[in-house]
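Asks: give me a 3D structure for the following:
(one chain, ligands or ions: 1)
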Amino acid sequence: MEIPVDATLILVEDFLTSHGLTAVREQSTTANPVLVADLNETAPSAPLILLGHLDTVFPVGTAKQRPGVIDGERLTGPGSNDMKPGAVMAIATLLALKEANYQAHPVRLILVTDEEILHKNAPTKETIARLSKGAVAGFNFESADPDNGVVTGRKGGAIVDLTVTGVAAHSGKEPEKGRSAVLELAHQIIKAEALTDQAAGKLVNCGLVNGGTSENIIPDHAPTGIAVRFTTVAGTTVEMKVATKIDSMDTLPGTAALLEKLQASARLLHQPVPHGKQTGGASDAGVLTAHNIPTLCALGIMGGGAHTAHEYGLVSSMFDRAALVATTIAHLD
Ligand SMILES: [Zn+2]
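Replies: Below you'll find the model as predicted:
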């Protein structure tokens with residue numbers, strides 16, 4: 001089975017193994033396996049979760065065209081912001097706790113491989129929930145803005161598959177018989193994207209378009225990936241299916257206390273004290289909070305430009321934030 005992030009998976013597995021940790025592939029019969037490594041598995045207290053994802057949004061081969069580069073404080077390359085460094089930081093946090101002989105709680109590292117497609121076609125959300133059962137705190141290493149914020153709540157996200165069906169006809173010989181699915185799709189895209197209200201945190205992106213078979217045939221089929229409600233015009237039908245969705249990351253009663261512990265650890269380490277904030281953009285932290293596990297997100301590298309060719313991360317924030325999370329865990333009751 002072809003696994004798009006397989007090389008990364010093997011790299012991480014080998015690294016964990018060479019550092020005395022056992023990496024296990026859950027959901028291994030799917031193209032989207034989940035990597036798990038445990039510290040203090042048998043400790044009698046409630047577990048803590050370190051969460052991240054190994055996939056990014058670019059096609060296989062992008063890293064060959066524009067490899068990762070560290071130039072002073074700046075890391076660039078595909079996934080340099082979202083979230084290869086975060087995965088490294090989650091691993092470093094686990095190893096730091098191991099080296100410090102930390103024993104108070106079981107600590108479980110969960111690295112998924114299909115976050116960017118919101119776990120389409122795999123039961124990853126259920127797997128995360130099962131692997132996190134009984135946990136009392138979650139730390140998600142998605143990237144952060146350079147404002148030293150820590151995310152305590154996020155919006156949910158969904159991918160909607162939308163298909164317009166029209167009537168095919170030769171565009172020169174009998175155009176009157178055709179109903180163009182592509183033309184209707186163009187109208188639907190304009191309507192859908194017009195629903196975007198950035199101030200209200202409502203975001204609609206039609207990021208993938210298909211349709212038609214030839215220049216001289218009125219197209220009867222046009223699928224796309226999008227997210228909203230639609231009305232249709234005569235002669236065409238629009239079919240919409242929610243392909244996948246991620247829960248919003250809720251701020252739970254225990255979230256503020258967790259943030260306070262993180263802030264206290266920042267003072268201890270003489271780091272600038274991070275502030276809590278709400279943001280858009282779904283993450284797997286929502287899976288944890290949906291199961292009542294207080295979670296902090298955006299604990300990964302600080303930087304910007306996620307999902308673009310201009311993404312970057314600030315290297316020193318990797319060390320600072322991994323140390324911050326490890327110290328926070330070391331001071332949890
Ligand atoms: Zn991410």
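Asks: could you pull out the strands in the stretch 1-150 of the chain for me?
Replies: For the stretch 1-150 of the chain, the strands defined by DSSP state E, counting those that start in this stretch cover 23-26, 34-39, 48-53, 69-71, 74-76, 107-112, 137-140, 149-154.
Asks: now mean pLDDT, distance to Ala257 and mean neighbour count too, for the ones you listed, in JSON lines please.
Replies: Yep, even glycine has a C-beta here, placed from its N, CA and C like the rest. Listed next are those as JSON lines, based on pLDDT from 0 to 100; distance: least, C-beta to C-beta, whole Å; neighbours: other C-beta atoms under 10 Å:
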{"stretch": "strand 23-26", "mean pLDDT": "96", "distance to Ala257": "30", "mean neighbour count": "16"}
{"stretch": "strand 34-39", "mean pLDDT": "98", "distance to Ala257": "23", "mean neighbour count": "22"}
{"stretch": "strand 48-53", "mean pLDDT": "98", "distance to Ala257": "14", "mean neighbour count": "27"}
{"stretch": "strand 69-71", "mean pLDDT": "97", "distance to Ala257": "36", "mean neighbour count": "11"}
{"stretch": "strand 74-76", "mean pLDDT": "98", "distance to Ala257": "32", "mean neighbour count": "18"}
{"stretch": "strand 107-112", "mean pLDDT": "98", "distance to Ala257": "19", "mean neighbour count": "26"}
{"stretch": "strand 137-140", "mean pLDDT": "98", "distance to Ala257": "9", "mean neighbour count": "28"}
{"stretch": "strand 149-154", "mean pLDDT": "93", "distance to Ala257": "11", "mean neighbour count": "22"}
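Asks: so which of these comes closest to the ion?
Replies: strand 48-53 (5.6 Å; C-beta to the ion).
Asks: now do that closest one against strand 107-112, angle only.
Replies: 20 degrees (axes from the mean of the first three to the mean of the last three C-alpha atoms, to 10 degrees).
Asks: so what are the sheet partners of strand 48-53 and their directions?
Replies: Partners of strand 48-53 in the sheet, by DSSP bridges, are strand 107-112 (parallel), strand 137-140 (parallel).
Asks: just send those strands back as TSV, with distance to Ala96 too.
Replies: Shown next, in TSV, are the strands paired with strand 48-53 (distance: least, C-beta to C-beta, whole Å):
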stretch	distance to Ala96
strand 107-112	10
strand 137-140	13
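Asks: any chance of the ones you listed in TSV, with distance to the ion too?
Replies: Shown next, in TSV, are the strands paired with strand 48-53 (distance: least, C-beta to the ion, whole Å):
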stretch	distance to the ion
strand 107-112	10
strand 137-140	9
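Asks: low-confidence ranges in this protein?
Replies: 1, 200-201, 226-234, 240, 243 (pLDDT under 70).
Asks: so for the residue nearest the centre of it, what's the nearest residue that isn't a sequence neighbour?
Replies: Nearest to the mean C-alpha position of the chain, counting by C-alpha atoms, centre = their mean, stands Glu115 at 4.2 Å. Closest residue to Glu115 apart from its sequence neighbours, by C-beta to C-beta, 6 or more residues apart in numbering: His53 at 3.5 Å.
Asks: pull up the gap between the one you found and Thr62, please.
Replies: To Thr62, His53 is 16 Å away according to C-beta to C-beta, to the nearest Å.
Asks: quick check: residues of the stretch 1-150 of the chain near the ion?
Replies: Asp82, Met83, Glu142 (C-beta under 5 Å from the ion).
Asks: PyMOL command for the buried members of these?
Replies: What follows is the PyMOL syntax selecting those of these that are buried according to 16 or more other C-beta atoms under 10 Å:
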select buried, resi 82+83+142
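Asks: spatially nearest residue to Gly305 (excluding sequence neighbours)?
Replies: In space, Gly305 is closest to Glu311, 3.8 Å off (C-beta to C-beta, 6+ apart).
Asks: what sits against that neighbour?
Replies: Thr76, Pro78, Gly79, Ser80, Asn81, Asp82, Gly303, Gly304, Gly305 (C-beta atoms under 8 Å, 6 or more residues apart in numbering).
Asks: cutoff 6 Å now
Replies: Ser80, Asn81, Gly305 (C-beta atoms under 6 Å, 6 or more residues apart in numbering).
Asks: which among those residues end up buried?
Replies: Ser80, Asn81.
Asks: in JSON lines: the contacts of Glu311, plus distance to Pro219.
Replies: Shown next, in JSON lines, are those (distance: C-beta to C-beta, whole Å):
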{"residue": "Ser80", "distance to Pro219": "39"}
{"residue": "Asn81", "distance to Pro219": "37"}
{"residue": "Gly305", "distance to Pro219": "35"}
